[in-house]
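Participant: model this:
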Amino acid sequence: MNLDLPSIVDTIRVLVQCESPSADHAAVARSADVVAALGGRLLGAAPERFVIDGVAHLRWRFGDETRVLVLAHHDTVWPIGTIERIPFAISGDVMTGPGCFDMKTGLAMALHAVASLDDRDGVTLLVTGDEEVGSPSSRRLIEDAARGARAALVLEASADGGALKLERKGVSLYEVVVDGLAAHAGLEPEKGVNATVELAHQVLAISALADPAHGTSVTPTVAGSGSTTNTVPARASVWVDVRARTATEQQRVDAAIRALAPVTPGAEVSVLGGVNRPPLEAAASASLFARAQALAAALGLDPLVGVAVGGGSDGNFTAGIGVPTLDGLGAVGGGAHAEHEHVIVSGIAPRTALVAALVAELAS
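Facilitator: Numbering: from 1, shown residues only. Below is the predicted model of the structure:
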């Protein structure tokens, strides 16, 4: 197994220097070209390219069936021009640059890990281009690629200290809209139906759906109402972020939000949105984590630690269709989506070796 750290670092550099903010489809397309070229050289094969709703995704599939799906994404949260302000750099053992931690190092690791395998039969590497915005165009592609697989391995960055991500909360996103009736606020406010007042009732009802004891958060976020300062508001709305550890809790909140009823006479309440990602529950990762722990010990690596996290990833989708899923196998470092985003360079090669060994064992 030949995993050369300078070669992996060079791949990361090329990936980071090609900026790829999710919303800029032209930039994501350029990034897909770069990933395809790098992967073509490393894997000796061109990828299948999918452009869905303008977003470029890549897939390498070896053999007639997928036994192991390796998941990565090449889009980032950083706008074009960030590389000028935060250039790719290595100082001592710390690598910096936009997207290095989330998750271009993990993508490079995936490419090199698969490339190092003597036998790639049964392995599929899928690289999506819209993970950072909820994977709206790639979800079906992910689920179709994972269906029937023994395992999905997600090269998202690790949690603190290099911990693997054994649980991820499911994510739901809603917009609750209130329709009232406009009237002059000074002359005849009684003839209006105040959407702001009704929204206040709804925000309190929505907040009450949270259940911290079960790890369920229900958070009203962006809200707005009204048109002018002297008009009874005819429309108001609030966005709601829901995170749940289990599918049962996610479904409970979904049903409750859809059942919201107006309190103010004459007001109407409607709900848009719904479940974005199902939860990655502990049962989906337990057996794979045990395998990874055994392989880490065999490779002489530090013992692996697993944690539960609130953020979602494409691993939520694979777990949601019943495929055993292990997440957080990518970079060790920190600062995802933040100015201090960084990767610990000395962690790259050992982690890549672990991924390669895990893929090889599961695919054989």
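Participant: beta partners of D179?
Facilitator: Using DSSP bridges, the bridge partners assigned to D179 are R235, E268.
Participant: surely it meets E268?
Facilitator: Yes: judged on CB atoms under 8 Å, D179 makes contact with E268 at a distance of 4.5 Å. Quick note: C-beta positions are derived from backbone N, CA and C, even for glycine.
Participant: and the helix or strand hosting L71, what does it pack onto?
Facilitator: Using DSSP states H and E, L71 sits within strand 68-73. Applying 3 or more CB pairs under 8 Å, 6 or more residues apart in numbering; DSSP states H and E, we find strand 68-73 packed against helix 105-115, strand 123-128, helix 139-146, strand 151-154, helix 315-320, helix 348-363.
Participant: for the protein, what spans make up the helices?
Facilitator: 5-17, 25-43, 82-85, 105-115, 139-146, 195-207, 247-258, 282-298, 315-320, 348-363 (DSSP state H).
Participant: With adjacent residues omitted, what lies nearest to G54?
Facilitator: Using CB to CB, 6 or more residues apart in numbering and skipping residues adjacent in sequence, the residue nearest G54 is H25, 4.3 Å away.
Participant: same check, this time on D211
Facilitator: E249 (6.8 Å).
Participant: Point out where the stretch 1-150 of the chain drops to low pLDDT.
Facilitator: 1-2 (pLDDT under 70).
Participant: sorry, back to before: the strand holding L71 vs helix 25-43, what angle?
Facilitator: Interaxial angle of strand 68-73 relative to helix 25-43 (axes from the mean of the first three to the mean of the last three CA atoms, to 10 degrees): 140 degrees.
Participant: how distant is strand 68-73 from the center of its chain?
Facilitator: Centroid separation for strand 68-73 versus its chain: 12 Å, with CA atoms, centre = their mean, to the nearest Å.
Participant: quick one on the thing from earlier: with mean neighbour count and distance to V307 as new columns, can the helices of the chain be given to me in a markdown table?
Facilitator: Listed next are those as a markdown table, based on neighbours: other CB atoms under 10 Å; distance: least, CB to CB, whole Å:
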| stretch | mean neighbour count | distance to V307 |
| --- | --- | --- |
| helix 5-17 | 19 | 24 |
| helix 25-43 | 18 | 29 |
| helix 82-85 | 13 | 29 |
| helix 105-115 | 27 | 17 |
| helix 139-146 | 19 | 23 |
| helix 195-207 | 20 | 27 |
| helix 247-258 | 17 | 19 |
| helix 282-298 | 17 | 11 |
| helix 315-320 | 27 | 14 |
| helix 348-363 | 22 | 16 |
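Participant: Direction included, what does the strand holding L71 pair up with?
Facilitator: Strand 68-73 sits in its sheet next to strand 123-128 (parallel), strand 151-154 (parallel), going by DSSP bridges.
Participant: picking up where we left off before, dump the residue contacts of the residue nearest to G54.
Facilitator: 54-56 (CB atoms under 8 Å, 6 or more residues apart in numbering).
Participant: Do you know the pLDDT at the residue nearest to D211?
Facilitator: At E249, the model reports a pLDDT of 97.
Participant: any chance you could read off phi and psi for P79?
Facilitator: Here the main-chain torsion angles of P79 (degrees, to the nearest 10) amount to phi -70, psi 160.
Participant: Without its sequence neighbours, what residue ends up closest to it?
Facilitator: P79's closest residue in space is P21 (CB to CB, 6+ apart), at 5.3 Å.
Participant: Would you mind confirming that that neighbour is in contact with G81?
Facilitator: No: contact criterion CB under 8 Å: P21 and G81 do not qualify, at 9.8 Å.
Participant: quick one: which of the two has more around it?
Facilitator: Between P21 and G81, P21 has the larger neighbour count (other CB atoms under 10 Å), namely 21 against 10.
Participant: partners of the more buried one in the sheet?
Facilitator: Going by DSSP bridges, P21 forms beta bridges with T76.
Participant: Run through the residues that contact it.
Facilitator: Here P21 is in contact with 27-28, 75-80 (CB under 8 Å, 6+ apart).
Participant: who's in contact with the spatially most central residue of the chain?
Facilitator: Nearest to the mean C-alpha position of the chain, by CA atoms, centre = their mean, lies S313 at 2.8 Å. Taking CB under 8 Å, 6+ apart, we find S313 in contact with 131, 154, 156, 165, 168, 277, 280, 327.
Participant: Mind checking the helices and strands packed on strand 68-73 for the one nearest to G40?
Facilitator: Judged by CB to CB, the one of these that comes nearest to G40 is helix 105-115, at 10.1 Å.
Participant: now that closest one: how far from the chain's centre is it?
Facilitator: Between the centre of helix 105-115 and the centre of its chain there are 18 Å (CA atoms, centre = their mean).
Participant: With only the CA atoms kept, save it in PDB.
Facilitator: Only the C-alpha atoms of helix 105-115 are listed here, as PDB (Å, rounded to 0.1, in the frame of the first residue of the first chain):
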ATOM      1  CA  THR A 105      -8.300  17.000   2.500                       C
ATOM      2  CA  GLY A 106     -10.900  14.200   2.900                       C
ATOM      3  CA  LEU A 107     -11.500  14.200  -0.800                       C
ATOM      4  CA  ALA A 108      -7.800  13.900  -1.500                       C
ATOM      5  CA  MET A 109      -7.600  11.100   1.100                       C
ATOM      6  CA  ALA A 110     -10.400   9.300  -0.600                       C
ATOM      7  CA  LEU A 111      -8.700   9.500  -4.000                       C
ATOM      8  CA  HIS A 112      -5.400   8.300  -2.700                       C
ATOM      9  CA  ALA A 113      -6.900   5.500  -0.500                       C
ATOM     10  CA  VAL A 114      -8.800   4.000  -3.400                       C
ATOM     11  CA  ALA A 115      -5.800   4.400  -5.700                       C
END
